[in-house]
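Enquirer: Here is my input, please return the structure:
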Amino acid sequence: MIDAVSALKRLQEGNSRFVNGLRSVETMMTHAKRATLTEGQEPFAIILGCSDSRVPAEIVFDQGLGDLFVIRVAGNIVAPSQIGSVEFAAAKFKTRLVVVLGHSQCGAVSATVEELKRPDSEQSLNIKSIVERIRPSVEAFKPTELWNDDVALVEQSMRANVRASANQLRHGSAILENLSAKEDLLIVGAEYSLETGKVEFFDGLPELYDCFSATNV
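Expert: Predicted coordinates for the structure are as follows:
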């Protein structure tokens, strides 16, 4: 088990390699770990990310088999099954870093914006269930000038949605609250840029984070 701050640094270093078109030797040789992983796993970070095909966590962080415990759902929303999955990994494997990973041009957030501005009576109940979880993050911007700028609205709503999801994990689970208070579990929010490939961590960061900001990796 590695501590949360060290895990955060490891993710940043991996993302820096990805942005620069590099891969670590360990990642390239990850297939060699397959046999040893039949005995168990020790993922160093939990990633709750979007299902978007352009944002595979293992690739954007340059990690291999057994390194990340990844939960993917459209809009990186938090529902009971997602909370349970995070609880399982944090308690079972003693993983001490949780990252809620949103991304630019998020389709689920865009769909929520469209639904709020132009309600679609034919939208399925299942898709509406996702939209309803993102809705509060979008509606907060109704009184602002962003409401008339769809591009900026989607970007800021995506970040608000990441913050909301991270906050729900921090305060919606007695298990995670206890691990945060007593065993230094860290839950942070981040954005992956489809345009640059860079991941920016922006929510819930510890003070020590400044020591290895992404700009310094």
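
Enquirer: Every contact and neighbour count from this point should use C-alpha atoms.
Expert: Will do.

Enquirer: Check which element follows the helix or strand of the chain with the lowest mean pLDDT along the chain.
Expert: Least confident helix or strand, the chain: helix 25-28 with a mean of 88, by mean pLDDT, DSSP states H and E. Using DSSP states H and E, the helix or strand that follows helix 25-28 in sequence is strand 45-49.

Enquirer: Report all helices and strands that that next one contacts.
Expert: strand 68-72, helix 80-92, strand 97-103 (3 or more C-alpha pairs under 8 Å, 6 or more residues apart in numbering; DSSP states H and E).

Enquirer: rerun at 6 Å
Expert: strand 68-72, strand 97-103 (3 or more C-alpha pairs under 6 Å, 6 or more residues apart in numbering; DSSP states H and E).

Enquirer: do you know which of those lies nearest Ser137?
Expert: Closest of the helices and strands packed on strand 45-49 to Ser137 is strand 97-103, at 13.1 Å (criterion: C-alpha to C-alpha).

Enquirer: what helix or strand does Leu179 sit in?
Expert: Leu179 belongs to helix 174-183, assigned by DSSP H and E.

Enquirer: Kindly reformat the helices and strands packed on strand 45-49 as JSON lines containing mean pLDDT.
Expert: Shown next, in JSON lines, are the helices and strands packed on strand 45-49 (pLDDT from 0 to 100):
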{"stretch": "strand 68-72", "mean pLDDT": "98"}
{"stretch": "strand 97-103", "mean pLDDT": "98"}
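
Enquirer: Ok, which of those strands comes nearest Glu58?
Expert: Nearest of these to Glu58, taken as C-alpha to C-alpha: strand 68-72 at 7.0 Å.

Enquirer: Strand 45-49 and the closest one, what's the angle between them?
Expert: When axes from the mean of the first three to the mean of the last three C-alpha atoms, to 10 degrees is applied, the directions of strand 68-72 and strand 45-49 differ by 20 degrees.
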